[in-house]
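K.L.:
coords please:
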Amino acid sequence: MNIVSSAISLTVVDPVVSSRFFTTHLGFREILTGEDFIALGRDDAAVDLVLMERDLERWQPGQGLADAVVVFTVTGLATEYERLRSEGATITIPLRREPWGELMMQLTDPNGVTIRLTEWVPPATG
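P.N.:
Numbers count the residues shown, from 1 in each chain. Model (predicted):
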């Protein structure tokens, strides 16, 4: 198997507001739109996102409506944190350093999609 690209499909109530969030705050651009979806991409190594409109009338038992966390490893996270705060993004976990060597923060888009931003840093020594 040779994987040539990757995408995460997120089922949301309103793809337009999620698209606006990802394009405004996280640098994505719309690459394809359809009647009930919007595909987003970037020019770097980020995974593509497909925002699907949740349609409970078509949902069948056993298909599942799972929550997902989108994780992006970035550089310069402290600067990005300040930028996102100043833009009014909904930050659900403020910037913090974990003991295993991760700087992280978490934010949420208007549809409740959780986005975690991380930067790997050397663990603190005591």
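K.L.:
just so I have it, where are all the helices in this protein?
P.N.:
Using DSSP state H, the helices of the chain run over residues 15-25, 77-87.
K.L.:
Give me whichever of these is most buried.
P.N.:
Ranked by mean neighbour count, the helices of the chain are led by helix 15-25 with a mean of 18 (mean count of other CB atoms under 10 Å). Every C-beta, even on glycine, is put in place using the N, C-alpha and C of the backbone.
K.L.:
Determine how far that one lies from the middle of the whole chain.
P.N.:
Counting by CA atoms, centre = their mean, to the nearest Å, helix 15-25 is centred 10 Å from the centre of its parent chain.
K.L.:
ditto for stretch 107-114
P.N.:
8 Å.
K.L.:
mean confidence score for it?
P.N.:
Stretch 107-114 comes out with an average pLDDT of 89.
K.L.:
Quick one: end-to-end length of it, please.
P.N.:
6 Å (CA to CA, to the nearest Å).
K.L.:
Tell me the buried residues in it?
P.N.:
107, 109, 111, 113-114 (16 or more other CB atoms under 10 Å).
K.L.:
quick one, what contacts the nearest residue to residue 48 once chain neighbours are set aside?
P.N.:
Nearest residue to residue 48, sequence neighbours excluded (CB to CB, 6 or more residues apart in numbering): residue 7, at 4.0 Å. Residues in contact with residue 7, defined by CB atoms under 8 Å, 6 or more residues apart in numbering, are 39, 47-50.
K.L.:
got CSV for those, with neighbour count, pLDDT and distance to residue 118 too?
P.N.:
Output for the contacts of residue 7, formatted as CSV (neighbours: other CB atoms under 10 Å; pLDDT from 0 to 100; distance: CB to CB, whole Å):
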residue, neighbour count, pLDDT, distance to residue 118
39, 19, 92, 24
47, 14, 90, 14
48, 16, 92, 19
49, 22, 93, 17
50, 18, 90, 22
